[in-house]
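**Q** need a structure here:
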Amino acid sequence: MGEAAFRRSPAGFTLLEVLVVILLVSLMAGLVGLAQGGQDSRRARHEADRLRGLIGLLRDDAVSHQRQHGLRLDVDGYSVWRLDGTGRWRPDPAYRPQRLPDDLRLRLEPAPERPGEQAGPQLLVLSSDEMTPFTLHLEFRGQPLLSLSSDGLEEVRLEQP
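**A** Modelled structure (predicted):
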């Protein structure tokens with residue numbers, strides 16, 4: 001037996017093999033990040049469309065049934081309120097409170113004059129077909145994705161910043 005028969009092949013990976021694996025893992029992580037970003041935008045769009053539809057429904061109901069509606073907005077959700085016969089705002093039992101998916105947040109402009117006050121809704125939808133002028137931002141991890149806005153007379157607009 002010659003010396004060649006006892007020679008072992010080198011153990012381990014070459015630098016080139018390690019670099020190729022790192023490159024592939026980086027590319028895959030980037031693609032997953034891009035796919036996730038698109039999903040977050042779709043979720044935000046879905047929530048914005050849902051909220052815009054709800055405001056339109058409340059407007060129609062307010063005018064046709066002479067009711068005063070309101071929306072109570074929190075950073076992670078919203079609820080529908082209605083003015084009762086005694087002139088007090090109460091949560092409307094016909095609508096259940098809605099929570100936003102994780103990482104989506106709401107930010108209202110103008111901000112409420114008395115922060116933290118839980119006395120009632122910030123956005124009013126009146127039977128006179130008027131509503132409180134507002135801009136509502138949907139944010140993902142602090143980054144604005146979409147905005148809903150109205151001057152109080154026109155329909156709610158959906159915009160991208």
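
**Q** next secondary structure after the lowest-mean-pLDDT helix or strand in the chain?
**A** Ranking every helix and strand in the chain by mean pLDDT, DSSP states H and E puts helix 15-65 at the bottom, with a mean of 82. Following helix 15-65 in sequence order, the next helix or strand is strand 69-74 (DSSP states H and E).

**Q** that following strand: how far from the chain's middle?
**A** Put simply, strand 69-74 sits 16 Å off its chain's centre (CA atoms, centre = their mean, to the nearest Å).

**Q** next, the buried residues of the next helix or strand after that strand.
**A** Once the chain leaves strand 69-74, the next helix or strand it forms, by DSSP H and E, is strand 77-83. Within strand 77-83, the residues that count as buried by 16 or more other CB atoms under 10 Å are Y78, S79, V80, W81, R82, L83. Using the backbone N, CA and C atoms, a C-beta is placed for each residue, glycine as well.

**Q** for stretch 129-139, same thing?
**A** M131, T132, F134, L136, H137, L138, E139.

**Q** likewise stretch 151-161?
**A** Buried positions in stretch 151-161, judged by neighbour count with 16+ other CB under 10 Å: V156.

**Q** got the CA coordinates for that stretch in PDB?
**A** What follows is stretch 151-161 as a C-alpha-only set of coordinates in PDB (Å, rounded to 0.1, in the frame of the first residue of the first chain):
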ATOM      1  CA  ASP A 151     -63.400  67.500   5.700                       C
ATOM      2  CA  GLY A 152     -66.700  66.700   7.500                       C
ATOM      3  CA  LEU A 153     -68.900  67.000   4.400                       C
ATOM      4  CA  GLU A 154     -67.300  64.900   1.700                       C
ATOM      5  CA  GLU A 155     -66.900  61.100   1.700                       C
ATOM      6  CA  VAL A 156     -64.000  59.600   3.500                       C
ATOM      7  CA  ARG A 157     -60.800  59.500   1.400                       C
ATOM      8  CA  LEU A 158     -58.200  56.800   1.500                       C
ATOM      9  CA  GLU A 159     -54.700  58.000   0.800                       C
ATOM     10  CA  GLN A 160     -51.100  56.700   0.900                       C
ATOM     11  CA  PRO A 161     -48.600  59.100   2.600                       C
END
